[in-house]
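*Asks:* sharing a sequence plus its predicted fold:
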Amino acid sequence: MKKLLFLWLILYAFKITAQNKQILYNFAELPQTLLLNPASEINYKFHIGLPFLSNISTQTGSKGVVLSDIFAVDNRNINDKIAEVISNLKPNDFIKFNSQIEIFSGGFRFDDQTYISFGFYEEIDAFGYFPKDILTLFTQGNDAFINKNFRISQISYQLDVLGVLHAGFSKKIDEKLTLGARFKIYSSAFNMQSTNNTGTFSTYESTNNLYTSYLNAVKFNARTSGLVNSETNQYIEDTSQYLKNTFFGDNLGLGFDVGFTYQMSPQLEISGSILDVGFINHKTNIKNTKVEGDFVYEGVNFTFDPDNPRNYWGEIDERFKEQLPITEDQESYISWRPTKINAALKYSFGERRSKVCYDNSFKEFYTDALGFQLHTVFRPFNPQLAFTGFYQKSITNKLHTKFTYTVDDLSFTNIGAGLSAQIGNVNFYGMVDNLLSYRNLSAANSLSLQLGFNLIFN
């Protein structure tokens, strides 16, 4: 439990909501939009992402608590503020964190209908629910919560550090329909997870002693991969080993993305994608901890017998270990990637312009567009939804903007903006989310930043 709390504090302190890149989705024919919809329409010959600079994104989100709730300068005792924050938490409140950096990327036109793209990126992805009952018990004890069940099932988290090697295609079936798919190889450097836990801790008034405490139907598991050396049972402290394992290490997995874009009319477009349908098989440097059983503690009735002294605490400890054993093993396990779904409808209007495509033909487009996007990511307790309305404006053939308004679990006032510019063959894009929060970052529930450089050849 202490390690879980420490992990939460580290993630919150760095502020690095995960993976809903609504500004980037189908924006300005950027190569990186193919990572959100492999069927995005691409109208150039080939592209090269600048190594380590083509796609950098950092995103953070927290529901139920923000930094200012605890650290605001308001002359209140910090212990009182922590107690109030924990008291106001709800079962589905959470913290999430995602950071990606693209190591290399590129793409080329295979034929007039098909565009091939590929690349490799490093990703840190973390998600965890705030275990209100456990935090309450940890900070306040059980004295004020007689007859209350503290639920162990609220402990649910997953942290992944991995590398992703991918290749995909976007194929224009006809003038209206474009289909796409992407194949992924995951290489995990580090995984921590605990899900599907059950059991309760409760305290009741007793007849033999003042109180009796119960641990009922406890089934708790904590799995780690890549953190502890299986041979020495010591934590791996060499950071270069983690980086090495993100590229074809021993803990590998497979996944795929699929998507479509359909031009219902010259001005109306519908698109959608399913991302990260996949898994990782963890089999090296595994350490799993399991706790299962029941335990009843009624206190100690001391009796004085100098001829037959008893080790009361030793007896209780032995009974605890027997009835609620803690076991460790190195069994392999599978972790599933958080699958995401995107769907969008876009209506284009305004001035009609044309631009040169890869085959020296001219493609007509409208300078303005309005639409909305739905985003879903599947989490252990329930899917998380986001709804985005957007407006796109092409100022010139090389300069594009996009503005978004998003409603999700974290905020009802999330306004974002993006810019894509191309000078010669050099493309730059930058995007920032939740603009209103920059007036007071400590009170922000979510923050997001993306930028990148590409070389694009028409």
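*Replies:* Sure thing, it's come through. These figures come from a predicted structure and were not determined experimentally. Numbering: from 1, shown residues only.
*Asks:* and the helices in the stretch 1-150 of the chain?
*Replies:* Using DSSP state H, counting those that start in this stretch, the helices of the stretch 1-150 of the chain run over residues 2-14, 67-71, 78-88, 132-140.
*Asks:* which one of those helices has the lowest average pLDDT?
*Replies:* Sorting the helices of the stretch 1-150 of the chain by mean pLDDT places helix 2-14 lowest, at a mean of 41.
*Asks:* which parts of the stretch 101-250 of the chain are strands?
*Replies:* Taking DSSP state E, counting those that start in this stretch as the criterion, the stretch 101-250 of the chain carries its strands at 114-129, 149-151, 157-172, 177-194, 198-205, 211-225.
*Asks:* can you put those strands in a markdown table and add mean pLDDT?
*Replies:* Converted to a markdown table, the strands of the stretch 101-250 of the chain look like this (pLDDT from 0 to 100):
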| stretch | mean pLDDT |
| --- | --- |
| strand 114-129 | 95 |
| strand 149-151 | 92 |
| strand 157-172 | 95 |
| strand 177-194 | 96 |
| strand 198-205 | 90 |
| strand 211-225 | 91 |
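*Asks:* quick one, what contacts residue 457?
*Replies:* Shown in contact with residue 457 (C-beta atoms under 8 Å, 6 or more residues apart in numbering): 44-47, 425. Placement of C-beta: from N, CA and C, glycine included.
*Asks:* hmm, try it at 10 Å
*Replies:* Contact analysis of residue 457 by C-beta atoms under 10 Å, 6 or more residues apart in numbering lists 44-48, 108-109, 358, 425.
*Asks:* what do you get for residue 433?
*Replies:* Contacts of residue 433 by C-beta under 10 Å, 6+ apart are 17, 20-23, 59, 404, 406, 411, 414-418, 446-450.
*Asks:* against residue 292, how distant is it?
*Replies:* 43 Å (C-beta to C-beta, to the nearest Å).
*Asks:* secondary structure element holding the nearest residue to residue 53 once chain neighbours are set aside?
*Replies:* Nearest residue to residue 53 in three dimensions, chain neighbours excluded: residue 453, at 4.8 Å (C-beta to C-beta, 6 or more residues apart in numbering). Element membership of residue 453 [criterion: DSSP states H and E] is strand 446-457.
*Asks:* isn't the residue nearest to residue 53 up against residue 49?
*Replies:* Yes. Contact status for residue 453 versus residue 49: in contact at 7.6 Å, counting by C-beta atoms under 10 Å.
*Asks:* more neighbours, these two?
*Replies:* Shown here are residue 453 and residue 49; by other C-beta atoms under 10 Å, residue 49 has more neighbours (25 against 17).
*Asks:* so what pLDDT did that one get?
*Replies:* 95.
*Asks:* nearest spatial neighbour of it, chain-adjacent residues omitted?
*Replies:* That would be residue 105: by C-beta to C-beta, 6+ apart, it lies 3.5 Å from residue 49.
*Asks:* quick check: bridge partners of the one you found?
*Replies:* residue 49, residue 119 (DSSP bridges).
*Asks:* quick one on the thing from earlier: the contacts of residue 433 in strands, which ones?
*Replies:* Judged by DSSP state E, the subset of those located in strands is 59, 404, 406, 414-418, 446-450.
*Asks:* coming back round to it: reformat the contacts of residue 457 as TSV; add distance to residue 85 and neighbour count.
*Replies:* Putting those into TSV (distance: C-beta to C-beta, whole Å; neighbours: other C-beta atoms under 10 Å) gives the following:
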residue	distance to residue 85	neighbour count
44	50	19
45	54	15
46	51	18
47	46	25
48	47	18
108	52	15
109	54	19
358	55	16
425	51	13
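*Asks:* mind picking the lowest-pLDDT entry from these?
*Replies:* Out of the contacts of residue 457, that is residue 358, at 62.
*Asks:* what's the spatially closest residue to residue 48 that is not a sequence neighbour in contact with, if anything?
*Replies:* Leaving aside its sequence neighbours, residue 48 sits nearest to residue 455 (C-beta to C-beta, 6+ apart; 4.5 Å). Contact analysis of residue 455 by C-beta under 10 Å, 6+ apart lists 31, 46-50, 54, 106, 422, 424-427.
*Asks:* how about a markdown table for the residues you listed, with distance to residue 124 added?
*Replies:* Converted to a markdown table, the contacts of residue 455 look like this (distance: C-beta to C-beta, whole Å):
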| residue | distance to residue 124 |
| --- | --- |
| 31 | 22 |
| 46 | 30 |
| 47 | 26 |
| 48 | 25 |
| 49 | 20 |
| 50 | 21 |
| 54 | 18 |
| 106 | 23 |
| 422 | 30 |
| 424 | 34 |
| 425 | 31 |
| 426 | 28 |
| 427 | 26 |
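*Asks:* of those, which pair is most distant in space?
*Replies:* The most widely separated members of the contacts of residue 455 are 106 and 424, with 18.0 Å between them, by C-beta to C-beta.
*Asks:* looking at those two, which one has more neighbours?
*Replies:* Between residue 106 and residue 424, residue 106 has the larger neighbour count (other C-beta under 10 Å), namely 16 against 8.
*Asks:* give the contact list for that one.
*Replies:* Neighbouring residues of residue 106 by C-beta under 10 Å, 6+ apart: 31, 46-49, 54, 116-119, 454-455.
*Asks:* rewinding a little: which one of the strands of the stretch 101-250 of the chain lies nearest to residue 383?
*Replies:* Closest among the strands of the stretch 101-250 of the chain, using C-beta to C-beta: strand 114-129, at 12.6 Å.
*Asks:* and that closest one with strand 177-194, angle?
*Replies:* On the basis of axes from the mean of the first three to the mean of the last three C-alpha atoms, to 10 degrees, strand 114-129 is oriented at 30 degrees to strand 177-194.
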